[in-house]
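> Predicted model and sequence follow; I will ask about them next.
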Amino acid sequence: MNKNLWLLILSQIFGFTIAPVTVFLSGIIGSQISPIKSLSTLPMSLSIVGTAIFTIIASKIMSVIGRKWGFILASITSSLFALLAAYSILKQNFILYSISCFLLGSGMAFSHQYRFAAAEAVKKEYAPKAISFLLLSGIISALIGPNLANYSKELINEHLYVGSYLCLAVLTLTSTIFLLFYKSESNHQVISIHKARSYFQLISQPRFLQAIIASAFAYAVMSFLMTATPISMHIMEKMTLGETSVVIQIHIISMFLPALITGQLIKKYGHSNIMYSGVLLFLVTIILSFFDQTFLNYLLALIFLGLGWNFLYISGTSLLILTYKEEEKFKAQGFNDFIVFSIQAIASLSAGILLTTAGWKTMNLICIPFLILIIISTFRAELLTRK
């Protein structure tokens with residue numbers, strides 16, 4: 001732990017509140033102001049689309065102006081986009097609200113770069129631990145974001161949830177305070193006699209492909225089911241907003257709390273074994289979908305969903321940084337995030353439609369082929385790198 005890593009963690013706590021607040025509120029707000037109920041999850045999905053589209057842009061901007069000013073830029077713009085979301089709810093404008101969620105997704109594209117900045121703040125052998133500690137801050141984000149959003153939802157009389165996004169605007173801007181003390185790396189790229197490899201050359205590496213597939217489908221499965229959960233619980237199963245909030249918060253805590261030990265587990269058992277464990281945890285979530293949909297069932301399913309995501313995402317990210325050269329880092333990181341969040345966006349976009357047409361159990365079964373792909377890519381990488 002050093003000063004830069006601590007500042008990144010503190011900044012991430014406030015910057016990442018976009019994610020839990022969007023998960024918590026966007027589907028509910030969408031169901032209230034959308035003219036077509038099947039489009040209620042569109043704002044949530046568009047936030048992920050925004051993340052996917054802006055990942056390479058965010059990486060490119062940081063390669064030019066550095067991590068520090070890239071994160072500060074994201075903090076300020078995210079705050080403005082949160083204000084736009086508040087205005088759209090005030091006017092009951094579904095299209096404008098969807099656009100604001102899309103733009104908030106661009107802030108998340110920058111926020112996801114924090115994990116790479118954390119890995120760069122320490123020696124490579126400590127990267128899994130640094131990433132774990134950074135992601136652990138998501139627990140605090142999960143507690144701060146939805147709780148403040150819930151408490152401030154009636155801040156503006158007769159305009160439910162406008163206050164929630166006003167609070168989000170303050171939270172995202174708070175990151176700037178810590179970033180002002182962050183010492184960024186040099187803006188100049190590392191010069192090397194070796195040219196950066198092409199995307200095809202990067203993805204031709206078994207370990208690079210394994211890392212991308214593990215991270216991408218971990219996010220796809222998690223987002224697919226998490227996006228549908230508030231609608232399934234609150235709208236379809238008639239559970240209270242408080243119960244729904246608890247499940248989402250515990251889910252996000254289960255996504256990040258294992259980060260206390262995930263780095264150690266990766267060091268002891270290796271990336272591939274932790275990935276296999278993540279797949280098994282996802283399978284528990286799928287099995288639970290065949291029982292009655294009670295509050296406890298949703299809670300347990302979302303806990304295992306979070307644990308599986310943690311194992312797969314941290315192992316995938318920490319493996320990725322071992323597969324590229326220093327001068328390739330922004331190119332490789334941007335490409336990785338573009339693939340990861342593009343696949344996540346597709347999964348999230350389909351969640352609302354499949355929930356209303358196919359149901360919760362079928363949605364869980366659809367996740368099985370994704371888990372098979374993770375197993376195949378991991379086994380293939382192990383086989384090829386041992387030769």
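Noted; the coordinates are in hand. Everything numeric in this text was worked out from a predicted model, so none of it was measured.
> and for the helix or strand containing Gly263, what are the contacting residues?
Using DSSP states H and E, Gly263 maps to helix 259-269. Contacts of helix 259-269 with the rest of the structure, by Cβ atoms under 8 Å, 6 or more residues apart in numbering, involve 128-133, 135-136, 274, 310-311, 314-315, 318. Glycine gets a C-beta too; all of them are placed from N, C-alpha and C.
> Could you rerun that using 10 Å?
Applying Cβ atoms under 10 Å, 6 or more residues apart in numbering, the contact partners of helix 259-269 are 125-139, 256, 258, 271-278, 307, 310-311, 313-315, 318-319.
> Filter these down to the buried ones.
Neighbour counting by 16 or more other Cβ atoms under 10 Å classes 126-139, 256, 258, 271-278, 307, 310-311, 313-315, 318-319 among the contacts of helix 259-269 as buried.
> can I have the helix holding Gly263 written out in CSV, keeping just the CAs?
Presented in CSV, the C-alpha positions along helix 259-269 are these (Å, rounded to 0.1, in the frame of the first residue of the first chain):
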residue,chain,number,x,y,z
ALA,A,259,-11.2,-9.3,-2.8
LEU,A,260,-9.6,-9.4,0.6
ILE,A,261,-8.4,-12.9,-0.2
THR,A,262,-8.8,-13.3,-4.0
GLY,A,263,-5.3,-12.0,-4.7
GLN,A,264,-3.8,-14.4,-2.2
LEU,A,265,-5.8,-17.3,-3.7
ILE,A,266,-4.6,-16.5,-7.2
LYS,A,267,-1.0,-16.4,-6.0
LYS,A,268,-1.4,-19.8,-4.2
TYR,A,269,-3.6,-21.7,-6.7
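> Report the mean per-residue pLDDT for it.
Mean pLDDT, computed over helix 259-269, is 90.
> And it, what's buried?
Ala259, Thr262, Gly263, Leu265, Ile266.
> and if you look at stretch 218-235?
So, applying 16+ other Cβ under 10 Å, buried residues of stretch 218-235: 218-235.
> Also stretch 197-216?
For stretch 197-216, by 16+ other Cβ under 10 Å, it's 197, 202-203, 205-216.
> go on, stretch 377-387?
Using 16+ other Cβ under 10 Å as the test for burial, stretch 377-387 gives Ser377, Thr378, Ala381, Glu382.
> just how off-centre is the helix holding Gly263 within its chain?
Relative to its chain's centre, helix 259-269 lies at 20 Å (Cα atoms, centre = their mean, to the nearest Å).
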